[in-house]
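Asks: Any chance you could fold what I've pasted below:
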Amino acid sequence: MIERVTFFESDCNYDEADIVIFGAPFDSTTSYRPGTRFASRTMRAESYGLEYYSPGQDVDLSEINFFDAGDLDLPFGDTKKTLIEIENYVAEVMADEKFPLMIGGEHLLTLAPVSVAHRKFSDLAIIHFDAHADLRDNYLGVELSHATVMHRIFDLVGDDSIFQFGIRSGDKSEFEFAKAHTKLNLFDFKGLEEVAKKIQGRPVYFTVDLDVLDPSAFPGTGTPEAGGVTFIDLLKASFKVFDLCNVVGCDLMELSPPYDPSGISTATALKILREFLIRINMNFKTSNF
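Replies: Numbers count the residues shown, from 1 in each chain. All right, here's what the predicted structure looks like:
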């Protein structure tokens, strides 16, 4: 009998879990270097190599009830159907009052859980960590692209709802759009606490494109951009989001294992996932989900 491989060897079942992890292996709209479809599978297989204890938070993953749903069976090449499949699954998770944590996959996929969360919480806010603005209205004539995801999310949530950090790349028109419609912070996380105070009480979806990290620390991504943040800076900023905001869903996107054969990027993504699971667990029971 072949044992089911799960993140960090989790044997928690769905009913017991507070947090549900699932993989979304899809990268059909990737504009430069594909490969993020392999992220969740690779992370899951390599997760046994990471210590489950976090010395920084003094918590072991064995103390947390999280369920690994595996990878969703997505129709590669059919973008709209893929988004619908993810929406359907996230809707089930949120209806059961569990926390959805998606492992991408390309960043367009964030549109799906955000759509579900917005239907449940009409005042939803978005905190977005990324190297790229992702605010194009279309890319090569296509409206559904990893380069347009935040514009499509804007179409849902409107002004005063999208807060972007770490951004250091994009078309000039994207930055002009951001000046009018989003709060965009270049290069780092300055102003994050002020944003958290501003949206206090609002439900928040937290999306992390891992290329916000500097490529010297995280080369395994499809569109690396010099000038990124450090691993520690990312963790500290993420903890502020979880501690100060009412986070109702989260994702980690854009790890592309083929571009880092050393495995360092996968190990980094897994350590971030471990720390996120622990922090989500600390705050989820006190949130207004």
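Asks: from here on, contacts and neighbour counts on C-alpha atoms
Replies: Fine.
Asks: how much space between G105 and H118?
Replies: Distance, G105 to H118, using CA to CA, to the nearest Å: 21 Å.
Asks: Compare those two and say which one has the larger neighbour count.
Replies: Ranked by neighbour count (other CA atoms under 10 Å), G105 and H118 place G105 first, with 30 against 19.
Asks: Hmm, that one is touching T36, no?
Replies: Yes - contact criterion CA atoms under 8 Å: G105 and T36 qualify, at 4.7 Å.
Asks: intersection of neighbour lists for those two?
Replies: P25, F26, D27, E254, L255 (CA atoms under 8 Å, 6 or more residues apart in numbering).
Asks: Using CSV, lay out those residues together with neighbour count, secondary structure and pLDDT.
Replies: Shown next, in CSV, are the shared contacts of G105 and T36 (neighbours: other CA atoms under 10 Å; DSSP: H, G, I helix; E, B strand; the rest coil; pLDDT from 0 to 100):
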residue, neighbour count, secondary structure, pLDDT
P25, 25, coil, 96
F26, 29, coil, 94
D27, 26, coil, 89
E254, 31, coil, 97
L255, 32, strand, 98
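Asks: can you list the residues you listed in TSV and add distance to M94?
Replies: Formatted as TSV, the shared contacts of G105 and T36 follow (distance: CA to CA, whole Å):
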residue	distance to M94
P25	21
F26	22
D27	25
E254	23
L255	25
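Asks: Of those residues, which is the nearest to L109?
Replies: F26 (8.0 Å; CA to CA).
Asks: mind listing the helices in this protein by residue range?
Replies: If DSSP state H is used as the criterion, the helices of the chain fall at 39-46, 79-95, 111-120, 149-157, 172-181, 192-198, 231-244, 264-284.
Asks: Can you list the neighbours in contact with the shortest one?
Replies: Translated: helix 192-198. Helix 192-198 has contacts (CA under 8 Å, 6+ apart) with F163, A237, K240, V241, L244, C245.
Asks: repeat that for 10 Å
Replies: Helix 192-198 is contacted by residues 127, 160, 163-165, 183, 185, 200, 202, 204, 237-238, 240-246 when judged by CA atoms under 10 Å, 6 or more residues apart in numbering.
Asks: Next: stretch 171-180.
Replies: Residues from elsewhere that reach stretch 171-180 (CA under 10 Å, 6+ apart): 132-137, 148, 151, 159-160, 162-164, 167, 169, 181-182, 184-185.
Asks: Which residues are in contact with E51?
Replies: Contacts of E51 (CA under 10 Å, 6+ apart): F8, D60, L61, K271, R274.
Asks: one more time with 6 Å
Replies: The contact partners of E51, by CA atoms under 6 Å, 6 or more residues apart in numbering, come to none.
Asks: Look up how far T29 lies from it.
Replies: 34 Å.
Asks: Please apply the same query to R274.
Replies: R274 is 28 Å from T29, where distance means CA to CA.
Asks: go on, L277?
Replies: For L277, the distance to T29 - CA to CA - is 29 Å.
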